[in-house]
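Undergrad: sequence plus predicted model, see below.
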There are 2 protein chains.
Amino acid sequence: MHLEQRKSNFPTMQDQEIPSGADGSVGMVRQQTVVSFKSRPLLNLDSGRKLGPITQVYETYGRLNRARSNAVLVFHALSGDHHAAGKHSAHDSKPGWWDNMIGPGKAFDTNRLFVICANVLGGCRGTTGPASTDPATGRPYGLSFPVVTLRDMVRAQKTLVDHLGIRRLLAVSGASMGGMMALQWAVDYPKSVRCVVPIATAAYQSPKNIALQDVGRRAIMSDPDWNGGQYYGRVFPARGLAVARMIGHISYLSGRTMYAKFGRRRSAGNGRYAFDFAPEFQVETYLQHQSKVFVNRFDPNSYLYITKAIDYFDLTDGNARGKRPRTTLDFRDGDIRPAVARHFKSTRAKFLVLSFTSDWLYPVDRSIELSDALKMAGREVHHETIQTTYGHDACFLEANRMAPIIRTFLGVDA
Amino acid sequence: MHLEQRKSNFPTMQDQEIPSGADGSVGMVRQQTVVSFKSRPLLNLDSGRKLGPITQVYETYGRLNRARSNAVLVFHALSGDHHAAGKHSAHDSKPGWWDNMIGPGKAFDTNRLFVICANVLGGCRGTTGPASTDPATGRPYGLSFPVVTLRDMVRAQKTLVDHLGIRRLLAVSGASMGGMMALQWAVDYPKSVRCVVPIATAAYQSPKNIALQDVGRRAIMSDPDWNGGQYYGRVFPARGLAVARMIGHISYLSGRTMYAKFGRRRSAGNGRYAFDFAPEFQVETYLQHQSKVFVNRFDPNSYLYITKAIDYFDLTDGNARGKRPRTTLDFRDGDIRPAVARHFKSTRAKFLVLSFTSDWLYPVDRSIELSDALKMAGREVHHETIQTTYGHDACFLEANRMAPIIRTFLGVDA
């Protein structure tokens, strides 16, 4: 495997400029890049296809200790990226997506830990994906980009961790899709992680969630501007992606949050109904706004590839280490926990499973099922359920509730 | 008001050809039509606009007794129509949408009752709607059709009931949107109904449901073939409507039903994943099939108008009898039951509220809230919750569980 280092991998204090810690921010950060699989052997994908070269963009927060034993790999969710904490410039209006979880004194305490986050394979924020140039044609891959799995994404990030000279991670963690990747890491690299923290996730993608993501994909592929995935340099299929994002947003909120956040209030001042089809209720204008913002930062093809990878995630199948996805357990058979347990027999890692009461995308039941399976495999498991009305979004909002639980589990307060 | 009678309104045995009743079918039925508001005064709409002439198609099952006291008006849901029971020809593969509820010995027992069901105003099955010809232009209304409310739809059906010479209905009933219309009837015509049976519904459309329907409308209006609603005689905006229907279908099923019905099983025989973006999981092919069937029988503009009417339904607002929709209660204020109760002060009807445990579109909580409000108004209320895994679809599937409850409530067994 060939590696190329574009920038220093080991951040200095200059990279981080960590402030007093009063505001618990990692301060200014900068994106780093590593290119691997530049020539044979290329990355072997679950589909049987091979891919390379692979560029991965990532960020790190905190400092790797001499023993290289304090590294935490954080995986982002569907719409996330490698910019998990801090700001790139003082002009940034918002910090990274998990800034409330990563920083001095936070859940992933950068005074003690070295946190790594990379954009996933198939993404659109700098890591190789469908919008990247296919070296074979000199044009964007589009749909000629291979369909990847979460295992493929994890496999790519393993090369990044190796590249950083880290043999064993203190922890892997992530929420939603990120939680699935954390589980996949423990399955595929059982000896190279000590603590696993899957949040608001499950051991497999449920049929309801497959259905929701399928509709999003149909919306994108139904947009004539999508043009079979070859829209780069042409009209961007914004309408389809906007609809897909709206469906996603609804699934991230809880019914109670929607009552509290929007009720049946309308955006227009006057009390009368508009009697037309323009967005009128606050929940409609909110969804429209969110989808517009998303359309400006996300690639529709990446949405197809990443949602498909999530739908393929299934630790109830014969998808054991090294093997490719095969038959799926028939859920009518009932108890799928033993099938899930098989995957965790060879790791010695301990697990902290976090779930949220109002999350209907990845309900608490899925975390109970996962925890039971991990116990069946003989693992040390702590399952904590946080009472909240934020729904699935709680994994990004309930940082203050998660922090003490995670800090204790990781032993950073010890 | 001017009326024109295209066919006999009072079905004879020839109309009905009710069989032995062994199979509990109403047998062969035929659609009837009434045209009203052919000239001034036209129908006054909540929007302030006037509409006419209005054609309404409807079907009736059973026979109206001499006292005209055994009539039950049944309202259909979003995707339904006036064909609620029986078949139009021996070649019909399926009977009407509520055939398991309407017939000899069934919940709405046609041996005792005279059941009426009409296609709603704004619909696309024969009643005047956006696809109808605008007499002012000689072309289809399209978006020039006025935005109607559920009250407008009920108001139109009141003229049908008057036309049938029925002063007072034994009962009004319906599920989902149909349940909202049953409630609206009791609010607007408090003296002209004795029993109200709202099923799997609520006193107002929730923000979550507004959001789900809004995404469906965006999908339709994002389809270039929609062409601002003027696609009649041109390319039909099938893709947008298909996406809207898929979203609807997901909301009608429960998570547990999806596990039982689909699990993570794939349509293709071989166990390997397809590694492409074609529908692959059974839940995906199911949604694709359902949306194709729907696209062949429903008008996208009607989907916009009917879903908007549902979103406007709100008995928590100042929308009392005769008044037009005004400000909406802020749900942050908490208890909305007193506001709902105000609407039911003047009726003397008794209510049977039916809800289903796994229905997350119109959860049991909404029925409890409605029942409490009706009690606050001094009404006689029976609220029955049926334990089921069918989700919102239970209102079409749990006929055998609903039948004894409804028969007892209506006193047909007395």
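TA: The structure has been received and is ready for your questions.
Undergrad: quick one, strands of the stretch 301-414 of chain A?
TA: A:350-356, A:381-386 (DSSP state E, counting those that start in this stretch).
Undergrad: ok, which of those comes nearest chain B?
TA: strand A:350-356 (15.1 Å; Cβ to the nearest Cβ). For every residue, glycine as well, the C-beta is placed using N, CA and C.
Undergrad: other residues contacting the closest one?
TA: Contact with strand A:350-356 is made by A:186, A:194-200, A:362-364, A:366-368, A:370-371, A:374, A:379-386, A:388, A:390-392, A:394-395, A:398, A:402, A:405-406, A:409, as judged by Cβ atoms under 8 Å, 6 or more residues apart in numbering or on different chains.
Undergrad: can you redo the strands of the stretch 301-414 of chain A as a markdown table with distance to B:Val120, mean pLDDT and mean neighbour count?
TA: Below are these laid out as a markdown table (distance: least, Cβ to Cβ, whole Å; pLDDT from 0 to 100; neighbours: other Cβ atoms under 10 Å in any protein chain shown):
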| stretch | distance to B:Val120 | mean pLDDT | mean neighbour count |
| --- | --- | --- | --- |
| strand A:350-356 | 40 | 98 | 25 |
| strand A:381-386 | 44 | 98 | 17 |
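Undergrad: so A:Ser371 is in contact with A:Val381, correct?
TA: Yes: using Cβ atoms under 8 Å, A:Ser371 makes contact with A:Val381 at a distance of 5.0 Å.
Undergrad: list the contacts of the residue nearest to A:Lys94 when sequence neighbours are not counted.
TA: Counting by Cβ to Cβ, 6 or more residues apart in numbering or on different chains, A:Lys94 lies nearest to A:Lys87, which is 8.0 Å off, once chain neighbours are set aside. By Cβ under 8 Å, 6+ apart, the residues touching A:Lys87 are A:25, A:27-29, A:94-96.
Undergrad: between the residues you listed, which is nearest A:Leu164?
TA: A:Val29 (15.7 Å; Cβ to Cβ).
Undergrad: tally of neighbours for the closest one?
TA: Residues lying near A:Val29 (other Cβ atoms under 10 Å in any protein chain shown) number 24.
Undergrad: gap between the two ends of stretch A:335-349?
TA: End-to-end distance for stretch A:335-349: 24 Å, by Cα to Cα, to the nearest Å.
Undergrad: touching chain B at all, it?
TA: No: if you take Cβ under 8 Å from any Cβ of the partner chain as the test, stretch A:335-349 misses chain B, and the best it gets is 9.4 Å.
Undergrad: flag every buried residue along that stretch.
TA: A:336-337, A:339-344, A:347, A:349 (16 or more other Cβ atoms under 10 Å in any protein chain shown).
Undergrad: residue numbers of the stretch 101-250 of chain A in contact with chain B?
TA: A:143, A:146-147, A:204-208, A:210-212, A:214-215, A:217-219, A:221-224, A:239-240, A:242-243, A:246-247, A:250.
Undergrad: in chain A, where is pLDDT below threshold?
TA: Applying pLDDT under 70 to chain A picks out residues A:1-23, A:269-271, A:318-334.
Undergrad: rerun at 80
TA: For chain A, the stretches with pLDDT under 80 are A:1-23, A:268-271, A:317-334, A:413-414.
Undergrad: which parts of it are helices?
TA: Ranges of helices within chain A are A:13-16, A:150-163, A:177-188, A:207-222, A:238-252, A:255-261, A:282-295, A:300-312, A:337-341, A:364-376, A:394-397, A:399-410, based on DSSP state H.
Undergrad: if we can go back for a sec, identify the bridge partners of the residue nearest to A:Lys94.
TA: A:Met28 (DSSP bridges).
Undergrad: gap between it and A:Ala403?
TA: Relative to A:Ala403, A:Lys87 is positioned 21 Å away (criterion: Cβ to Cβ, to the nearest Å).
Undergrad: also A:Tyr312?
TA: Taken as Cβ to Cβ, the span from A:Tyr312 to A:Ala403 is 32 Å.
Undergrad: same check, this time on A:Ala200
TA: From A:Ala200 to A:Ala403 the distance is 15 Å (Cβ to Cβ).
Undergrad: do A:Val34 as well
TA: A:Val34 sits 30 Å away from A:Ala403, going by Cβ to Cβ.
Undergrad: so between these two, which is more surrounded?
TA: For the pair A:Val34 and A:Ala403, the greater number of neighbours falls to A:Val34 (21 against 17), based on other Cβ under 10 Å.
Undergrad: just the strands in the stretch 1-150 of chain A please.
TA: In the stretch 1-150 of chain A, the strands defined using DSSP E, counting those that start in this stretch lie at A:3-5, A:32-36, A:43-44, A:50-51, A:54-61, A:71-75, A:102-103, A:108-109, A:114-118, A:133-134, A:139-140.
Undergrad: how about those strands in TSV, adding distance to B:Phe262?
TA: Shown next, in TSV, are the strands of the stretch 1-150 of chain A (distance: least, Cβ to Cβ, whole Å):
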stretch	distance to B:Phe262
strand A:3-5	43
strand A:32-36	38
strand A:43-44	31
strand A:50-51	31
strand A:54-61	34
strand A:71-75	27
strand A:102-103	38
strand A:108-109	37
strand A:114-118	34
strand A:133-134	35
strand A:139-140	34
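Undergrad: I'd like to know which of these is closest to B:His163.
TA: Relative to B:His163, the nearest member of the strands of the stretch 1-150 of chain A by Cβ to Cβ is strand A:139-140, separated by 63.3 Å.
Undergrad: partner strands of the closest one, with direction?
TA: strand A:133-134 (antiparallel).
Undergrad: what does the strand it pairs with rub up against?
TA: For strand A:133-134, contacts defined as Cβ under 8 Å, 6+ apart pick out A:139-141, A:144-145.
Undergrad: centre of the chain to that strand, how far?
TA: Taking Cα atoms, centre = their mean, to the nearest Å, one finds strand A:133-134 lying 24 Å from the centre of the chain it belongs to.
Undergrad: quick check: end-to-end length of stretch A:192-212?
TA: Note: stretch A:192-212 ends 34 Å apart using Cα to Cα.
Undergrad: tell me the buried residues in that stretch?
TA: Using 16+ other Cβ under 10 Å as the test for burial, stretch A:192-212 gives A:192-212.
Undergrad: tell me which of those residues fall in strands.
TA: A:193-199 (DSSP state E).
Undergrad: now stretch A:361-370: buried residues?
TA: Under 16+ other Cβ under 10 Å, the buried positions of stretch A:361-370 are A:361-364, A:366-367, A:369-370.
Undergrad: what about chain B: which of the residues you listed touch it?
TA: Residues of those in contact with chain B (Cβ under 8 Å from any Cβ): A:Pro363.
Undergrad: so which of the buried residues of stretch A:361-370 comes closest to chain B?
TA: Nearest member of the buried residues of stretch A:361-370 to chain B, counting by Cβ to the nearest Cβ, is A:Pro363, at 7.6 Å.
Undergrad: report the buried members of the contacts of A:Lys87.
TA: Those of these that meet the buried threshold are A:25, A:27-29, A:95-96, by 16+ other Cβ under 10 Å.
Undergrad: how does chain A divide into domains?
TA: A:4-205+A:332-410, A:210-309 (automatic domain parsing).
Undergrad: redo those as TSV? Include distance to B:Val115.
TA: Shown next, in TSV, are the domains of chain A (distance: least, Cβ to Cβ, whole Å):
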stretch	distance to B:Val115
domain A:4-205+A:332-410	37
domain A:210-309	32
